[in-house]
Structure formats: structure tokens, C-alpha cells
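Asks: Below are the sequence and a predicted model; questions follow.
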Amino acid sequence: MNISVLGSTGSIGTQTAEIVRDHPDRFKIAAITGNRNIKLLEAQAREFRPALVCAADEKAAAELKIRLADTDIRVMGGKESIIEAAALPEADTTVVSVVGMAGIEPTIAAIKGKKRVALANKETLVAAGNIIKKYEAEYGKCIIPVDSEHSAIFQSMLGMKDRREIKRILLTASGGTFFGRKREELVDITPEQALHNPNWDMGAKVTIDSSTLVNKGLEIIEAKWLFDVSVDDIKVLVHRQSVLHSAVEFCDNAVIAQLGAPDMRLPIQFALTYPERITIPENELDLISFGSLTFEEPDTETFYALELAKRAGREGGRQGSTLATVFNSADEAAVGMFMKGKLSYLGITEAIERAMCRHRPVTDPTLDDIYAADTEARECVAGMC
């Protein structure tokens, strides 16, 4: 299998490279892309010898081209280069692990190129789920989720005959760094305190989103599009051990779940090999060592971003709306401000709520509508700081 890895320098991208390293007879990297981390891009290029290496930042791409001048690797820069890598003819599968709204157009390009899409970018379906589903209907369903929760749901549905068999989805959450704390205990939280997850090794943005439950809100909207369910048929359960990654409850009340040690290699690798399974070195699940698995209701009064996400996901029904884009983009902007010390931790969710309240949603949005809503949300948040 030949793979294009979009976002090869991030957490998902580097773990994808690890899987390729463990199974060189099974996988070959055809293209890698990044943004400004040219040191790692160069190292990956020299190790895996892809046909194409891209940096979204054009200055970084120019320097990378000089660094790789002694090789026959093609180097490109800019947004269009990422789209080209997504649909590279030599690739069978495209791993989309770029951050934010930048994942939408490469995902569309990969679908049009009839690639298997291993999707690790929530924003693509959150903001443009209606558009992605239309392209899948035209070119063939090809998205395999990489998020551990959505992979678990996908795996739990294997063997299901009809979508009408689903009663509800049980979406698990670690609870984040501040589980159990009340609002008054979160007033003076610093970025350093927020950048700690009890179970998962993730990027900074996802770690902070996990702590506010924004990440789980994004996953609710993503699940709506992936599995063709209503947001009101998705129940979030706080599961501190992060062993049961999510489950599906069926119409006969049977619950089927996927369990495993907290290890992102499993969902990444399964997205690449489905419907087959292959070995992963080490990190086996030892249920005895855990003793017990616990499940609790999320505190949606303190962490009310979850309710904001449900509201955004309901808007527009099966056609979707720009309110989901505003939820996502306001959060991206607010987290950025928080990391710079310009917004308080509690201000992240407050900024999202303000942006949503000021927005007039567009149902069944076009890409232009989505990008306009993105700009509007970011400007709204910037105006708060």
C-alpha cells in the first residue's frame, strides 16, 4: 500500500510513520506534507524516500528544496501542493492529519482521486460534513475514521445489516485534565496546567479541547456525519481509564464496544489495513491491571461547551449549517488567544458561545459560506481580546 501522509510532522503523522517503519513490507510512503517543521520533514524524506514532499509554508518549502537538492525527491510549497499530495496518483490511501479547516479541500481532493481516506481531522466533517457526504455519494464511500472513538464505533458496527438497528452511540471521554473541578476552580488555569492529559499523548490544541470538552463536542458532530445519526442519539460517557474507546447500543439493547490500551497506533493502523488486522508491537491490554472500568455523566454545567456543540450539530439537520463552523473556528481562535495569555481558560467557552449567538446560520452551506463563517467567528473572538 502506498500512502500520502498529510501532516506527517504532527502526532498522527509521526505515529503513521512508526507503523510504516514496523511494517516495511506492507506500506510505502508516497508523499509527506507539513507546514514549517522542515527539520523533521527532511529527516522523514531521507528515511522514507517519498516521491513528493510538501510544505504549506512557501518559505519553508524553498529551504526544504535546497536541503533535499541532493535527492530526486520532488519538493513543492503552498496550499495547492497539499491538495496535490492528497490526490497523488501513486498513492492508494491518504492520511489526513493536518490541523483545522486546512483539511477540507485536501479531503475532497482525495475523495475525487478515489483514495481511501484515513481521516484524523475533525474539522473537515464538523464544518463541511454536508459537502463531504455529497462527494462520497458521487465518488464512493471511502472515509475510515482515525479518531480512537470513531474508530471504535466503526469497528463496533462491523457486521451490522442496517443503520436502523442502531439505538444510540456511546461516545467515551477521558474527562480531561480538570475532571471533577467546578467553575470557580478553573478561573486561574494556565496553558501549562491545561496541557496535560491523564491518558493520551496529543497535540496542544487537542489536549486543551479535551480539557474543556470541546473536543468531545466536535466528535459528536463528526459522528453525526460519519454514522448518519442524530446528535441526540449520541450519549457522552466520562470513562477515566480510556480503555473502552466507544460503543454502539443496538435496538435489541445489545452493546458492542471496542477496548484497547490507550494507543493511537491501533486506530491509525486499522484505518490503513481495514478489513484486515495486523500486529502492533507491545502495549497489549491487561484488564486485570485496571481492576475496574468506570463510567460517569459529564458535568455540562461547568463544561458547557458540550451543549453548545449539540446545538451546533442539530442546526440544519441532515443538511448541516454554518453554526458548526462557528463552534469550531471560535474555539480555534480562542485556544490560540489562551495560549498567548490573552484570554482566560473559562473565556474559551465564553468566546464560542458569544460567536454562536451573534451568527446567523446558513443551512446546507457551500465552501464559500463555510469560509465566511470561519472568518466571522475568528473576528468575533479577536474582538473580545
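Replies: Yes, it's here. Numbering: from 1, shown residues only.
Asks: Counting neighbours, what do you get for the nearest residue to R46 once chain neighbours are set aside?
Replies: Of all residues not flanking R46 in the chain, T71 sits nearest, at 7.3 Å (C-beta to C-beta, 6 or more residues apart in numbering). C-beta here means a position set from N, CA and C on the backbone, and glycine is covered the same way. Counted by other C-beta atoms under 10 Å, the residues lying close to T71 total 13.
Asks: that's a strand at T71, yeah?
Replies: No - with DSSP: H, G, I helix; E, B strand; the rest coil as the criterion, T71 is assigned coil and is not in a strand.
Asks: ok, it - contacts?
Replies: 45-46, 49 (C-beta atoms under 8 Å, 6 or more residues apart in numbering).
Asks: filter these to the buried ones?
Replies: For those, a burial check counting by 16 or more other C-beta atoms under 10 Å picks out A45.
Asks: what residues are up against A87?
Replies: By C-beta under 8 Å, 6+ apart, the residues touching A87 are 94, 109-110, 112-113, 115.
Asks: From the residues you listed, which land in strands?
Replies: Counting by DSSP state E, the contacts of A87 place T94 in strands.
Asks: need the contacts of A87 in TSV with pLDDT and neighbour count, can you?
Replies: Listed next are those as TSV, based on pLDDT from 0 to 100; neighbours: other C-beta atoms under 10 Å:
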residue	pLDDT	neighbour count
T94	98	28
A109	98	23
A110	98	30
K112	98	13
G113	97	19
K115	98	25
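Asks: now the contacts of T71 as TSV including distance to E80, secondary structure and pLDDT?
Replies: Shown next, in TSV, are the contacts of T71 (distance: C-beta to C-beta, whole Å; DSSP: H, G, I helix; E, B strand; the rest coil; pLDDT from 0 to 100):
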residue	distance to E80	secondary structure	pLDDT
A45	19	helix	98
R46	25	helix	98
R49	23	coil	98
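Asks: Just give me the closest of the contacts of T71 to M384.
Replies: A45 (41.2 Å; C-beta to C-beta).
Asks: Assess the claim that that closest one and L68 are in contact.
Replies: Yes - counting by C-beta atoms under 8 Å, L68 is a contact partner of A45 at 5.9 Å.
Asks: can you list residues touching both of these two?
Replies: In contact with both A45 and L68: V53, using C-beta under 8 Å, 6+ apart.
Asks: and stretch 219-228, C-alpha only, in CSV?
Replies: C-alpha atoms of stretch 219-228 as CSV (Å, rounded to 0.1, in the frame of the first residue of the first chain):
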residue,chain,number,x,y,z
GLU,A,219,-16.6,14.4,18.0
ILE,A,220,-20.4,14.4,18.4
ILE,A,221,-20.8,16.5,15.2
GLU,A,222,-18.3,14.3,13.4
ALA,A,223,-20.1,11.2,14.4
LYS,A,224,-23.4,12.6,13.1
TRP,A,225,-21.9,12.7,9.6
LEU,A,226,-19.8,9.6,9.8
PHE,A,227,-22.5,7.3,11.0
ASP,A,228,-25.7,9.1,9.8
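Asks: R74 reaches L52, doesn't it?
Replies: Yes - taking C-beta under 8 Å as the definition, R74 is a contact partner of L52 at 5.0 Å.
Asks: Compare neighbour counts for those two and give me the winner.
Replies: L52 (21 against 15).
Asks: My guess is the more buried one contacts I82. True?
Replies: No - checked against C-beta under 8 Å, the pair L52 and I82 is beyond contact range at 10.4 Å.
Asks: any idea how far the nearest residue in space to K122 that is not next to it in sequence is from D209?
Replies: Leaving aside its chain neighbours, K122 sits nearest to L218 (4.6 Å; criterion: C-beta to C-beta, 6+ apart). Distance from L218 to D209, counting by C-beta to C-beta, to the nearest Å: 7 Å.
Asks: same deal with V53?
Replies: On the measure of C-beta to C-beta, V53 and D209 end up 29 Å apart.
Asks: before we move on, what about L226?
Replies: Taking C-beta to C-beta, one finds L226 at 18 Å from D209.
Asks: Pick out whichever of the two has more residues nearby.
Replies: The neighbour comparison of L226 against D209 (other C-beta under 10 Å) goes to D209, with 26 against 22.
Asks: Let me know whether the more buried one touches G203 as I believe.
Replies: No - D209 is beyond contact range of G203, at 9.7 Å (criterion: C-beta under 8 Å).
Asks: is it true that S246 lies in a helix?
Replies: No - counting by three-state DSSP, one finds S246 to be strand, located in no helix.
Asks: Show the contacting residues for it.
Replies: S246 neighbours (C-beta under 8 Å, 6+ apart): 148-150, 152-153, 156, 169-172, 257-258.
Asks: Swap in 10 Å and give it another go.
Replies: 147-156, 169-173, 219, 223, 234, 236-237, 239, 257-258 (C-beta atoms under 10 Å, 6 or more residues apart in numbering).
Asks: Those residues in helices, which ones?
Replies: 148-156, 219, 223 (DSSP state H).
Asks: Filter those residues down to the buried ones, ChimeraX style.
Replies: A single ChimeraX command selects the buried members of the ones in helices among the contacts of S246 (16+ other C-beta under 10 Å):
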select :148,149,150,151,152,153,154,155,156,219,223
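Asks: Sketch out the strands for the protein, chain order is fine.
Replies: Applying DSSP E to the chain gives strands spanning 2-6, 28-34, 52-55, 74-77, 93-96, 116-119, 143-145, 166-173, 234-238, 244-250, 255-259.
Asks: and the angle from the second one to strand 2-6?
Replies: Relative orientation of strand 28-34 with respect to strand 2-6: 10 degrees, computed using axes from the mean of the first three to the mean of the last three C-alpha atoms, to 10 degrees.
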